[in-house]
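>>> Sharing a sequence plus its predicted fold:
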Amino acid sequence: NLSVSANGEGGTSIGGVGGIGTGGNVFITAANHDISMGLADLGATGFGGMGRNGGGEGRGGTVLVQANNATTISATTLNLTAIGVGGNSGFNSFSDAPEGAAGGLGRGGGAGIQANRGTITVSSSAQVDTSGEGGSGDNGGDGLGGTATDFSLGSYVDTTSGTLNFNGSGITILSNGTGGQARASASGVVGTAGAGRGGYAELLSFRDSANPSTSTINATTATASASGFGASAGTASASGTMGGIGGEATGGEVVIGGYAGYSTVSIGTTVAQAIAIGGVGGDGVTGATGGAGGRGGDATGGRVDLGIFSGPTTTVTQGNGSFGNTQIAVYAEGGDGGTGAATNAAGVNGVGGAGGNAVGGSTAILARGVPVTLGTTLVNASATSGSGGTGAAGPGGSGTAQGGSFAAIASYRFDGDTGSNYLPLTAGDLTISSINGDVSGYGPLSAAGSFLINTAGGDLEVLTNVQVAAGGTATAPEPSEVSAGNGTLSINTF
């Protein structure tokens, strides 16, 4: 077994801001010889230091496993971790902390498993994690999943003219963001909870322009998440104080599949999510004036793309994709408002906190110029508004909810360099066992999103039924469409 730790930990400051903790670098590369491992646990986590005046930032480092030039890496279990954890601050951690001291930012780093003209086989389980978690404080710190920046941040599992085999329980790819909790300050006031923002998670088959050949992904199961979770506001303690504000949440981006030129992708059960869940507002405190409830956090769903994509220009189009039962989630849930407190004298009662707004994300299932099959497919791009909190002076208002969108498209392969159709035209072929989708907006102030099922140079067949929920209290701003152009669309039951 192999365990390598390159963690970084920021120092504690009793009179200032905690130190920055940055993870280091861990690289395992097979270039001229094969590598065989049992359990390989590789970490480069950054822990921000605690600080009286503010928590330190935690920055994930870089962890990379590569098989190059016809080499092979085999492992029983492969765990790559490059997360960032913000340091704590505030009265809960330091009795003399100044008012409003915030938790540190937690930012995920970069981690990847890459087969570049080589082969990587994991027999039991594999996981790549570049999540971020904010620290707690009078105001919570934000948590950011690793975000794609020239392949330096985020979670990447890729092959370029090579082969990836994930057997056993398959591959899990994470780049979530979780906000830090807001806690009561020395004066008993709670501020704003930390936001959670999903990063970037990828399982993708490329082509090597210098040595084009088949790129293969085989996985019994694949789970990828780049979700955002806003933190909830803690409990205030000062008489008559308003509740804290729930943290915002934003979903990130997930990509699963390959490029049409040379990709062969075969995955069993497939789960992809870029959801967003806003934090709950804090409760007001009874006093001479009843404290109002805190507002719930807003939430915006992210993006998921799955299938075989056009990719850069190649002289051949011989890719294909096979996915088993598939679950895609880009839904958003606004945080509920906190409870408004009653006066304990002859003052004014507190109103409930307003619910957070929600906007569903988007997703596309694509077959660009090649055959792609999916099993039973569930797509949730809904949005649910946060409920207004109850209050002694009345409830808070509900948030708004706007449903998201999803598309299932079989089309010609496009020229990845110019965006135009290839000539001669190469049609796609998308076959799905069934589709059960939801683009609804849920709540008293809600509207549905939209869906598109379309052929634009190719055939699309749904073997059994298509069922899509698209409800809301207001008219949807965008129409939905089921259409065929230069191809055949076949749906057994709609």
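Ah, there it is.
>>> which stretches of the stretch 1-150 of the chain have low pLDDT?
Counting by pLDDT under 70, the stretch 1-150 of the chain contains low-confidence residues at 149-150.
>>> cool, and the stretch 251-400 of the chain?
By pLDDT under 70, the stretch 251-400 of the chain has no low-scoring segment.
>>> show me where it has strands.
Secondary structure of the stretch 251-400 of the chain (DSSP state E, counting those that start in this stretch): strands at 253-259, 263-273, 276-277, 299-300, 303-309, 320-323, 326-329, 332-333, 358-359, 362-368, 371-380, 383-384.
>>> got JSON lines for the ones you listed, with distance to Asn139 and mean neighbour count too?
Where C-beta positions appear, they are placed from N, C-alpha and C, glycine not excepted. Compiled in JSON lines, those are given as follows (distance: least, C-beta to C-beta, whole Å; neighbours: other C-beta atoms under 10 Å):
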{"stretch": "strand 253-259", "distance to Asn139": "27", "mean neighbour count": "27"}
{"stretch": "strand 263-273", "distance to Asn139": "28", "mean neighbour count": "22"}
{"stretch": "strand 276-277", "distance to Asn139": "19", "mean neighbour count": "30"}
{"stretch": "strand 299-300", "distance to Asn139": "19", "mean neighbour count": "30"}
{"stretch": "strand 303-309", "distance to Asn139": "29", "mean neighbour count": "25"}
{"stretch": "strand 320-323", "distance to Asn139": "42", "mean neighbour count": "22"}
{"stretch": "strand 326-329", "distance to Asn139": "29", "mean neighbour count": "23"}
{"stretch": "strand 332-333", "distance to Asn139": "22", "mean neighbour count": "30"}
{"stretch": "strand 358-359", "distance to Asn139": "23", "mean neighbour count": "28"}
{"stretch": "strand 362-368", "distance to Asn139": "31", "mean neighbour count": "25"}
{"stretch": "strand 371-380", "distance to Asn139": "32", "mean neighbour count": "21"}
{"stretch": "strand 383-384", "distance to Asn139": "26", "mean neighbour count": "30"}
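>>> Make a markdown table out of those strands and add distance to Gly397.
Below are the strands of the stretch 251-400 of the chain laid out as a markdown table (distance: least, C-beta to C-beta, whole Å):
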| stretch | distance to Gly397 |
| --- | --- |
| strand 253-259 | 32 |
| strand 263-273 | 29 |
| strand 276-277 | 20 |
| strand 299-300 | 16 |
| strand 303-309 | 29 |
| strand 320-323 | 42 |
| strand 326-329 | 27 |
| strand 332-333 | 17 |
| strand 358-359 | 14 |
| strand 362-368 | 27 |
| strand 371-380 | 25 |
| strand 383-384 | 15 |
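>>> who wins for proximity to Gly134 among these?
Closest to Gly134 of those is strand 276-277 (C-beta to C-beta; 14.7 Å).
>>> List the strands paired with the closest one, with their directions.
Sheet pairing for strand 276-277, assigned by DSSP bridges, gives strand 228-229 (parallel), strand 332-333 (parallel).
>>> To Asn218, which of these lies closest?
Of all the strands paired with strand 276-277, strand 228-229 comes closest under C-beta to C-beta, at 30.5 Å.
>>> Ok, which of the strands of the stretch 251-400 of the chain comes nearest Gly154?
Among these, strand 253-259 sits nearest to Gly154 (C-beta to C-beta), with 8.6 Å.
>>> Only alpha carbons, please: show that closest one as PDB.
Extracted in PDB, the C-alpha atoms of strand 253-259 (Å, rounded to 0.1, in the frame of the first residue of the first chain):
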ATOM      1  CA  GLU A 253     -20.000  22.000 -14.100                       C
ATOM      2  CA  VAL A 254     -19.900  18.200 -14.900                       C
ATOM      3  CA  VAL A 255     -18.800  16.600 -18.200                       C
ATOM      4  CA  ILE A 256     -19.000  12.900 -18.800                       C
ATOM      5  CA  GLY A 257     -18.300  11.300 -22.200                       C
ATOM      6  CA  GLY A 258     -15.900  11.600 -25.100                       C
ATOM      7  CA  TYR A 259     -15.000  13.200 -28.500                       C
END
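>>> What strands flank it, and is each parallel or antiparallel?
For strand 253-259, pairing defined by DSSP bridges yields strand 200-206 (parallel), strand 303-309 (parallel).
>>> a markdown table please, covering those strands and showing distance to Asn68.
A markdown table is the format used below for these (distance: least, C-beta to C-beta, whole Å):
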| stretch | distance to Asn68 |
| --- | --- |
| strand 200-206 | 14 |
| strand 303-309 | 24 |
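>>> Please name whichever of these is nearest to Leu153.
strand 200-206 (7.4 Å).
>>> so for that closest one, what's the average pLDDT?
Mean pLDDT, strand 200-206: 96.
>>> got the angle for that strand vs strand 263-273?
For strand 200-206 against strand 263-273, the angle by axes from the mean of the first three to the mean of the last three C-alpha atoms, to 10 degrees is 170 degrees.
>>> re the thing from before, got the strands paired with strand 276-277 as a markdown table, with distance to Val85 columns?
Listed next are these as a markdown table, based on distance: least, C-beta to C-beta, whole Å:
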| stretch | distance to Val85 |
| --- | --- |
| strand 228-229 | 14 |
| strand 332-333 | 24 |
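>>> Quick one: closest of these to Val280.
Nearest of the strands paired with strand 276-277 to Val280, taken as C-beta to C-beta: strand 332-333 at 10.5 Å.
>>> what sits up against the closest one?
249, 251, 275-278, 299-301, 358-361, 382-384, 386, 404 (C-beta atoms under 8 Å, 6 or more residues apart in numbering).
>>> next one: that strand to chain centre, how far?
Centre-to-centre, strand 332-333 and its host chain are 13 Å apart (C-alpha atoms, centre = their mean, to the nearest Å).
>>> Number the chain from 39, please
With 39 as the first residue, the last one maps to strand 370-371.
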